[in-house]
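In: Sequence first, predicted coordinates after that:
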Amino acid sequence: NPRPSLAVPTAEQLIGWLAANGTIPLRVRILFARRADDGERRKLAQAALDESDAAAKAGLLSVFRHRPFPLACEPLIDYLQSDCEELREAALAALERSEGDCVHDFAAELLRNGEHVSEAICMLLNNYRNEDKTALLAALNELPVTYSDAGDWHGAVLQILRLFDAGGRAKLPGEFLLYIYERSLCSCCRYAAVTAMGKRGWLTADMIAECAYDSNEDIRKYVGRYRQKKIPTRNEPLS
């Protein structure tokens, strides 16, 4: 039998949960972020702004690690100057998913200064403008790609894939998917990048030939099916 769906908590319930337990469980945060309506999300965001205790403010903001902050984001930028590390981390995570000119400009400044680079990349991807491409690709290529994920390259990769999958406001060019295929150490992300390029007709004949011998079996199978469908391929590289 299917498991019964959980009731979507209200903003008031999350506030009460935090007051009683000092934290909001991850499953509750994700459920609220995914299914609560805009009015409830705005109530919770306003409660976070109004909260005077830094740790409690961080607890409320933790919900927006999974959903864009629905109010003006300037206060989140200000919170990065807080003495409370928990609040700084929560604000930075919320900014990664949020939209707005202030987020874009702040992210561009962070990249220029070499501060919070992986987070700045995610912010800028989420608020992408055509003029950002060169700086973003340069920053991505400078991220250390290691199995330890010390520079959080995987977070940037997931942000790229999320934006392509959602077809959101940020319209990224194909080079960002190519970056994932060429640099990512995550086989699932590389497969997702290849299929996303294939869906858009961005796979070149050379890329298909290379993918046919990829170490990832799923990628090899995908390009095998892709070839059978005789989908027209690009003759020139993505640019």
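Out: Arrived safely, thanks for sending. If you're wondering where the values come from, they're calculated on a predicted model, not measured in any experiment.
In: Spit out the contact partners of the most centrally placed residue in the chain.
Out: Residue closest to the mean C-alpha point of the chain, counted by CA atoms, centre = their mean, is residue 159 at 2.9 Å. Contacts for residue 159 were tallied using CB atoms under 8 Å, 6 or more residues apart in numbering; they are 96, 121, 122, 125, 126. No exception for glycine: its C-beta is placed from N, CA and C like everyone else's.
In: ok, for the first one, nearest residue in space, not its chain neighbours?
Out: When the adjacent residues along the chain are set aside, residue 96 lies closest to residue 122, with 4.1 Å between them (CB to CB, 6 or more residues apart in numbering).
In: what packs against the helix or strand hosting the one you found?
Out: Following DSSP states H and E, one finds residue 122 within helix 117-126. If you count contacts as 3 or more CB pairs under 8 Å, 6 or more residues apart in numbering; DSSP states H and E, helix 117-126 packs onto helix 85-97, helix 101-113, helix 133-142, helix 153-166.
In: Please tabulate those helices in a markdown table, including the columns mean pLDDT.
Out: Formatted as a markdown table, these follow (pLDDT from 0 to 100):
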| stretch | mean pLDDT |
| --- | --- |
| helix 85-97 | 95 |
| helix 101-113 | 96 |
| helix 133-142 | 94 |
| helix 153-166 | 91 |
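In: Nearest to residue 73, out of these?
Out: helix 101-113 (5.3 Å; CB to CB).
In: that older thread, how much space separates the residue nearest to the centre of the chain from residue 118?
Out: Noted for residue 159: a distance of 9 Å to residue 118, by CB to CB, to the nearest Å.
In: which stretches of the chain aren't confidently modelled?
Out: Low-confidence segments of the chain, defined by pLDDT under 70: 1-5, 167-170, 230-239.
In: Please enumerate the helices of it.
Out: Ranges of helices in the chain, per DSSP state H, are 11-21, 26-35, 38-50, 54-61, 74-79, 85-97, 101-113, 117-126, 133-142, 153-166, 175-183, 187-199, 205-211, 217-228.
In: Skipping adjacent residues, who's closest to residue 18 in space?
Out: residue 59 (4.6 Å).
In: Please disregard the earlier target; I meant residue 77.
Out: residue 106 (5.4 Å).
In: Next, count neighbours for residue 134.
Out: 9 (other CB atoms under 10 Å).
In: picking up where we left off before, the helices of the chain: which one's closest to residue 68?
Out: Among those, helix 85-97 sits nearest to residue 68 (CB to CB), with 4.9 Å.
In: Which strands or helices does that closest one pack on?
Out: Using 3+ CB pairs under 8 Å, 6+ apart, helix 85-97 sits against helix 54-61, helix 74-79, helix 101-113, helix 117-126.
In: mind listing what's buried in stretch 208-226?
Out: 208, 211, 214, 219, 222, 223, 226 (16 or more other CB atoms under 10 Å).
In: Hmm, residue 157 and residue 186 touching each other?
Out: Yes. Assessed by CB atoms under 8 Å, residue 186 is found in contact with residue 157 at 6.7 Å.
In: which of the two has more neighbours?
Out: Set residue 186 next to residue 157 and count neighbours by other CB under 10 Å: residue 157 wins out with 27 against 18.
In: ok, that one - contacts?
Out: 180, 184, 186, 189.
In: Now do the end-to-end distance for stretch 50-67.
Out: With CA to CA, to the nearest Å as the measure, stretch 50-67 spans 19 Å from end to end.
In: Next one: residue 125 from residue 132, what distance?
Out: 8 Å.
In: Make sure residue 202 is actually in contact with residue 173.
Out: No. The pair residue 202 and residue 173 does not pass the contact test of CB under 8 Å, sitting 9.5 Å apart.
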